[in-house]
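Chemist: Predicted coordinates and the sequence they were generated for:
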Amino acid sequence: MNAVEQLAIVKEKIAAAEREAKRPTGSATLVAVSKTFDADAIRPVIEAGQRVFGENRVQEAQGKWPALKAEFPDIELHLIGPLQSNKAKEAVALFDAIETVDREKIAAELAKEIARQGRMPKLYVQVNTGSEPQKAGIEPREAVAFVRRCRETHGLAIEGLMCIPPLDENPGPHFALLAKLAKEAGVDKLSMGMSGDYELAVAFGATSVRVGSAIFGAR
């Protein structure tokens, strides 16, 4: 099956998961993860109506998205990979949402660039729910205080939390933990769930799911 057919299947499954969870249709947004795929592979998915996309790297996104966004101005582009502080300027200029705010230095750089550029991407704090040393994200026990500092110290409008559960664990408890932290931090948005577990994430309250290989195929 091609990406457009796969997209339709993913959307149907999200809608079914919403119904199952007694949630309103459309309450979970699909972020189509297009990392490693070029503009020619992405365009049919845009033409099929998909408007929200996720990329892992600032540099890779810069190579393909400015032209696509000029062609399709209603695209919403999310940064879902780790952000280096020296790329904050480019990230604020290109992305409509940055889901990987996870440390003080990044918060400070983003605040500086948002003020300088007058662009206000949506911001999410990434939480390392599995406390994995190799993975980005703030520790769960520090997440609520970090959201508060982002707001009070840096003046950032944090609207959600994001997580990537450990590969070898049941994601359910991680989704539940993120939902609990979001409530404590006073944020509404939950970015959680990927190709293997997005339906479960919808059941746990995800407001957006990040699905790549189930749409575009293996990288």
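Modeler: Yes, it's here. Treat the numbers as computed from the prediction; the structure is a model and nothing was measured. Residues are numbered from 1 along each chain as shown.

Chemist: from here on, contacts and neighbour counts on C-alpha atoms
Modeler: OK.

Chemist: Just confirm V211 contacts Y198, I think it does.
Modeler: Yes: V211 lies in contact with Y198 (Cα atoms under 8 Å); the separation is 7.5 Å.

Chemist: need the contact list for the residue nearest to D74 when sequence neighbours are not counted.
Modeler: In space, not counting the residues next to it along the chain, D74 is nearest to R51; the distance is 6.8 Å by Cα to Cα, 6 or more residues apart in numbering. By Cα atoms under 8 Å, 6 or more residues apart in numbering, R51 lies in contact with D74, I75, E76.

Chemist: tell me which of those is nearest to R19?
Modeler: Ranked by distance to R19 (Cα to Cα), the contacts of R51 are led by E76 at 25.2 Å.

Chemist: count of neighbours near the closest one?
Modeler: Neighbours of E76 under the rule other Cα atoms under 10 Å: 18.

Chemist: Quick check: the gap between it and L110.
Modeler: Separation of E76 from L110 (Cα to Cα, to the nearest Å): 18 Å.

Chemist: again, but for T207
Modeler: T207 is 23 Å from L110, by Cα to Cα.

Chemist: tell me what the helix or strand containing L123 is packed against?
Modeler: Using DSSP states H and E, L123 sits in strand 122-127. On a contact count with 3 or more Cα pairs under 8 Å, 6 or more residues apart in numbering; DSSP states H and E, strand 122-127 meets strand 97-101, helix 140-152, strand 158-163.

Chemist: Give the buried residues for the first one.
Modeler: By neighbour count, and taking 16 or more other Cα atoms under 10 Å as the criterion, the buried residues in strand 97-101 are A97, I98, E99, T100, V101.

Chemist: Adding distance to E139 and pLDDT, write these out as JSON lines.
Modeler: JSON lines is the format used below for these (distance: Cα to Cα, whole Å; pLDDT from 0 to 100):
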{"residue": "A97", "distance to E139": "21", "pLDDT": "98"}
{"residue": "I98", "distance to E139": "18", "pLDDT": "98"}
{"residue": "E99", "distance to E139": "15", "pLDDT": "98"}
{"residue": "T100", "distance to E139": "13", "pLDDT": "98"}
{"residue": "V101", "distance to E139": "12", "pLDDT": "98"}
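
Chemist: I'd like to know which of the residues you listed is nearest to A185.
Modeler: Using Cα to Cα, V101 comes nearest to A185 of the buried residues of strand 97-101, at 14.5 Å.

Chemist: Okay, and the beta partners of the closest one?
Modeler: Here V101 sits in beta bridges with V125, going by DSSP bridges.

Chemist: you'd agree it is up against N128?
Modeler: No: contact status for V101 versus N128: not in contact, 11.4 Å apart, counting by Cα under 8 Å.

Chemist: Overlap of the contact sets of the two?
Modeler: Common neighbours of V101 and N128 (Cα under 8 Å, 6+ apart) are G137.

Chemist: Give me the contact list for the helix or strand containing I46.
Modeler: Under the criterion of DSSP H and E, I46 resides in helix 39-47. Helix 39-47 is contacted from outside by A3, V4, L7, S34, K64, W65, L68, using Cα under 8 Å, 6+ apart.

Chemist: if I pick the closest residue to the third one other than its chain neighbours, what's in contact with it?
Modeler: Right, L7. Leaving aside its chain neighbours, L7 sits nearest to I215 (5.2 Å; criterion: Cα to Cα, 6+ apart). I215 makes contact with A3, V4, Q6, L7, V10, A32 under the criterion Cα under 8 Å, 6+ apart.
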